[in-house]
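In: I would like to see how this sequence folds:
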Amino acid sequence: MTTTTDAGATTAPAAGRRKAAAPAPTGPDRIPQPSQGWYRVPGTDIKLRRVTTILSQGFPKPQLVFWSANLTAEDAFANLPRLVAASLHPAEKEAAYDWLRKGHIRKKDERADIGGAVHDVIEAKVLGQPIPESFLNDEEIAPFVDHFLRFVAEWEIEFEASEMTVGNFTDGWAGKLDYLFRSRLIARLLKVPATTLFVGDTKTGGELDEKGVYPEAGAQMSAYRRAEVAWLRDGTQIPMPKAHHVGIVLHLRPEGYRPMPLQCGDDVYEAFLHVQQVAEFQRVLAKSVVGDALTLPQLTEERAA
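Out: Residues are numbered from 1 along each chain as shown. This next block holds a predicted model:
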């Protein structure tokens, strides 16, 4: 399902003025970068669909509907006097309405900031670099950092890679996994060799021991596990290392953390491929499925002809 395009094609140059070919990408420039739901492989016309885009477009998420509705209700009751006052003035009413309906977007942005900071901490840890002081001193982010460091120490985590771009040319997708790691203690609990390699992912939403880790995380990790290739930080493309069919989601919250094992084997990957087909239907075929309404005058015109 690799997608190729003619992106960048130009009109042929005039005779005698051959256009110089663009230099082949080198170093980190060889690593595909995400853009508008795709990863483009530098130096080629190959575009691979982004894993998170596939999941967002093809995986049902009914829990998000209720979450958004509950969040709107909470915002409304917490700001009831202001909303009632705004309802008496058309301009203020429109602004209040817009603010209320975008509550879920604001919350997502807040979580994205925290999630981004956590990923920066993980990357610093993997690279053996000091954790930025700004994270350690931030009252909102510091608890996440503390619990992440506890997870690394208590479970004897040995990272192999972080924020690594991986792809599957055969099935037409690419993505960036959170990390690959080994853990003697997790391996013991799962009854596998101590050197077993695991795919890891961090989730910072929801509530500890209640919600926040959903099955689609297993589908996401099943894709990363079935990648054909991976790109190192220097841009070198290598075969994807073989990882175990159980992945670990680190559910990280201000009050603590939980390592959550999720199935991400071949059966889950087959489900991911089905989700990919649904997402592709939404992207392409769905736009042409519904035609214009039929009318009786059309039938009259046809009979007259």
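
In: Can you classify the nearest residue to Arg40 once chain neighbours are set aside by secondary structure?
Out: The shortest distance from Arg40 to any non-neighbouring residue, by C-beta to C-beta, 6 or more residues apart in numbering, is to Lys47 (5.1 Å). C-beta here means a position set from N, CA and C on the backbone, and glycine is covered the same way. Reducing the assignment at Lys47 to three states with DSSP: H, G, I helix; E, B strand; the rest coil gives strand.

In: cool, and Gly167?
Out: Under three-state DSSP, the three-state class of Gly167 is strand.

In: bridging residues for the closest residue to it other than its chain neighbours?
Out: Once flanking residues are discounted, Gly167 sits nearest to Ala174: 3.6 Å by C-beta to C-beta, 6+ apart. Counting by DSSP bridges, Ala174 forms beta bridges with Arg50, Gly167.

In: Spit out the contact partners of Ala174.
Out: Pro32, Tyr39, Leu48, Arg49, Arg50, Val51, Thr165, Val166, Gly167, Asn168, Ala227 (C-beta atoms under 8 Å, 6 or more residues apart in numbering).

In: Which one of those is nearest to Glu301?
Out: Arg49 (43.4 Å; C-beta to C-beta).

In: For the chain, just list every one of the helices.
Out: Chain-ordered helices for the chain, with DSSP state H as the definition, fall at 51-58, 62-78, 80-86, 90-101, 103-127, 133-136, 142-154, 184-189, 216-225, 266-280, 286-289, 296-304.

In: Highest mean neighbour count out of those?
Out: helix 216-225 (a mean of 25; mean count of other C-beta atoms under 10 Å).

In: got the angle between that helix and helix 266-280?
Out: Counting by axes from the mean of the first three to the mean of the last three C-alpha atoms, to 10 degrees, helix 216-225 lies at 100 degrees to helix 266-280.

In: follow-up on the earlier one: so can I have JSON lines of the helices of the chain showing mean pLDDT?
Out: Formatted as JSON lines, the helices of the chain follow (pLDDT from 0 to 100):
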{"stretch": "helix 51-58", "mean pLDDT": "94"}
{"stretch": "helix 62-78", "mean pLDDT": "68"}
{"stretch": "helix 80-86", "mean pLDDT": "80"}
{"stretch": "helix 90-101", "mean pLDDT": "79"}
{"stretch": "helix 103-127", "mean pLDDT": "71"}
{"stretch": "helix 133-136", "mean pLDDT": "79"}
{"stretch": "helix 142-154", "mean pLDDT": "92"}
{"stretch": "helix 184-189", "mean pLDDT": "98"}
{"stretch": "helix 216-225", "mean pLDDT": "97"}
{"stretch": "helix 266-280", "mean pLDDT": "96"}
{"stretch": "helix 286-289", "mean pLDDT": "88"}
{"stretch": "helix 296-304", "mean pLDDT": "77"}
